[in-house]
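>>> Got a predicted structure plus its sequence, pasted below:
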Amino acid sequence: MVHAGPGMSERGIRRGRSADYGRRALLGGMVSLLGTPLCGATIPAEWDAIVGGSGADRFPTLRLALEKARLADGRPFRIKLSKGLYREKLSITAPNVLIAGEGDDSVLSFDAAAGMTRPDGGRWGTGGSATLTVAAPGVALRNLTIRNGFDFVTHRRMHESEGSQAVALALARGVDRTWVDRCRIESYQDTLYVEGRALFTQCHIAGGVDFIFGGAAAWFDRCIITTRFVPDAPAQGFVAAPSTPRDQPFGLTFADCRLEREAGVADRSAFLGRPWRASGNMELLGAATYLRCWMDGHIRPEGWSAMGYRDRITGEQHMLEPKEARLTEWDSRGPGAGPRSASRRLLSAAEAAHFTRANVLSGWSPS
């Protein structure tokens, strides 16, 4: 994300008869949301496409499977990503796609960053740097690692690029109903960009600077959020950078999460976040809330920081202060759980009661 101000930053069951139907019914969760298989008879009934592994019916790349998904005309399409490292940079443009891996060993990775040269000779921007972009509604991701492999630490030390924003997963503006379940999402700066309604369940998200950012109404349920170590950095960054529309009641909401740190991250060296007024848009007033989260000692006592923006009309530089935005927490625990202060607003029990998954996601639930 570009901003003004300090700190510029998947059994082998053959398709067939009633036994297969019973197995599909047992899949539950996300798979129960998705419809009838579309592919050939040698693919297990749970899946419409399988990427990797052995077999003539397997796709060698996720890109080819996603191209087939586009032919489904919006019908649910289920892709299994076998264990392996897939160096691809992709966008999901077909709705109602499920991509499910086999855990941490199903890895999608690319290494683009803002300022680097694209294949067409132009330059990547922050959004364009994403390893995986969700650009269609009703997408579900499960048991994957999504990584931007840009070497942030080396490039920072050597000043080798014009920017360091390197997105792993982007939920594009205009998308809705994205469910990310038990995934690892890894980068350093601007790891996860979120728009629309989004649910993250038991994910592990790692980064440093503004690494969960955007205007989404998003619910993060029991996620591990890790601040990464950057050598010689005076501060270890900011967890959240919400750019919530002013008329949207909820933004980034973290419920029962753990805020952890890599070895080397010092005590009192990272902020819970700062409000991002993207492009100086005065209709953005960041909202982020931590509910019953455990926080390690790297979280600074003041909790939040200001963030700079440039007025669209006058061109003047301003700072959006935490007290001007909607940055709150309730029932924080651990050594990083700070006291009430001018910049660290604690909700009352009555106020916190309004922050439910149903309310934040406006009644949408994929389970």
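Thanks, I have the structure now.
>>> just the helices in the stretch 1-150 of the chain please.
Taking DSSP state H, counting those that start in this stretch, the helices of the stretch 1-150 of the chain run over residues 18-27, 29-33, 62-70.
>>> What's the mean pLDDT across the shortest one?
pLDDT averaged over helix 29-33 equals 38, rounded to a whole number.
>>> Could you tell me how far stretch 102-116 lies from the centre of the chain?
What separates the centre of stretch 102-116 from the centre of its chain is 13 Å, taken as Cα atoms, centre = their mean, to the nearest Å.
>>> do stretch 309-323 as well
With Cα atoms, centre = their mean, you get 26 Å for stretch 309-323.
>>> then it to PDB, C-alphas only?
What follows is stretch 309-323, C-alpha atoms only, in PDB (Å, rounded to 0.1, in the frame of the first residue of the first chain):
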ATOM      1  CA  TYR A 309      -2.200  11.400   4.000                       C
ATOM      2  CA  ARG A 310      -2.300  14.200   1.400                       C
ATOM      3  CA  ASP A 311      -5.400  16.300   1.000                       C
ATOM      4  CA  ARG A 312      -6.900  15.600  -2.500                       C
ATOM      5  CA  ILE A 313      -7.900  19.200  -3.000                       C
ATOM      6  CA  THR A 314      -5.200  21.300  -1.400                       C
ATOM      7  CA  GLY A 315      -2.300  18.900  -1.700                       C
ATOM      8  CA  GLU A 316      -1.400  19.600   2.000                       C
ATOM      9  CA  GLN A 317       0.000  16.900   4.200                       C
ATOM     10  CA  HIS A 318      -1.900  15.900   7.300                       C
ATOM     11  CA  MET A 319      -1.800  13.200  10.000                       C
ATOM     12  CA  LEU A 320      -4.800  11.100  10.800                       C
ATOM     13  CA  GLU A 321      -4.600  10.500  14.500                       C
ATOM     14  CA  PRO A 322      -5.800   7.300  16.300                       C
ATOM     15  CA  LYS A 323      -8.300   9.300  18.300                       C
END
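>>> Now do the buried residues in it.
Residues of stretch 309-323 classed as buried: 309-310, 318-322 (neighbour count, 16 or more other Cβ atoms under 10 Å). All C-beta atoms are positioned from the backbone trio N, CA, C, and that covers glycine.
>>> And stretch 51-70, by the same measure?
Within stretch 51-70, the residues that count as buried by 16+ other Cβ under 10 Å are 51-52, 58-59, 62, 65-66, 68-69.
>>> State the distance from R78 to R173.
26 Å (Cβ to Cβ, to the nearest Å).
>>> Show me which of the two is the more surrounded one.
The neighbour comparison of R78 against R173 (other Cβ atoms under 10 Å) goes to R78, with 28 against 13.
>>> Surely that one is in contact with A45?
No - counting by Cβ atoms under 8 Å, R78 does not reach A45; the two are 10.1 Å apart.
>>> what about the stretch 1-150 of the chain, any weak spots by pLDDT?
For the stretch 1-150 of the chain, residues meeting the criterion pLDDT under 70 lie at 1-43.
>>> Please repeat the previous calculation with a cut-off of 50.
Residues of the stretch 1-150 of the chain meeting the criterion pLDDT under 50: 2-41.
>>> G122: neighbour count?
The tally of other residues near G122 (other Cβ under 10 Å) stands at 9.
>>> any idea how far it lies from W294?
43 Å.
>>> same deal with F213?
As judged by Cβ to Cβ, F213 and W294 stand 22 Å apart.
>>> More neighbours: which of those two?
F213 (33 against 17).
>>> helix/strand/coil for that one?
At F213 the chain is in strand, as set by DSSP: H, G, I helix; E, B strand; the rest coil.
>>> And the strands in the stretch 201-350 of the chain?
For the stretch 201-350 of the chain, strands defined by DSSP state E, counting those that start in this stretch occupy the ranges 204-207, 209-214, 217-221, 224-227, 238-242, 252-255, 258-261, 271-273, 287-291, 294-295, 307-310, 317-320, 326-330, 345-346.
>>> and these as CSV, adding mean pLDDT and distance to T178?
What follows is these, written out as CSV (pLDDT from 0 to 100; distance: least, Cβ to Cβ, whole Å):
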stretch, mean pLDDT, distance to T178
strand 204-207, 98, 14
strand 209-214, 97, 12
strand 217-221, 98, 9
strand 224-227, 98, 18
strand 238-242, 98, 17
strand 252-255, 98, 14
strand 258-261, 98, 22
strand 271-273, 97, 21
strand 287-291, 98, 18
strand 294-295, 98, 26
strand 307-310, 95, 25
strand 317-320, 95, 27
strand 326-330, 97, 22
strand 345-346, 94, 28
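>>> G127: how many residues sit nearby?
Each residue near G127 was counted by other Cβ under 10 Å, and the total is 17.
>>> quick one, what contacts the closest residue to it other than its chain neighbours?
Closest residue in space to G127, ignoring its immediate chain neighbours: A170 at 6.1 Å, by Cβ to Cβ, 6 or more residues apart in numbering. Counting by Cβ atoms under 8 Å, 6 or more residues apart in numbering, A170 makes contact with 127, 130, 132-134, 192-193.
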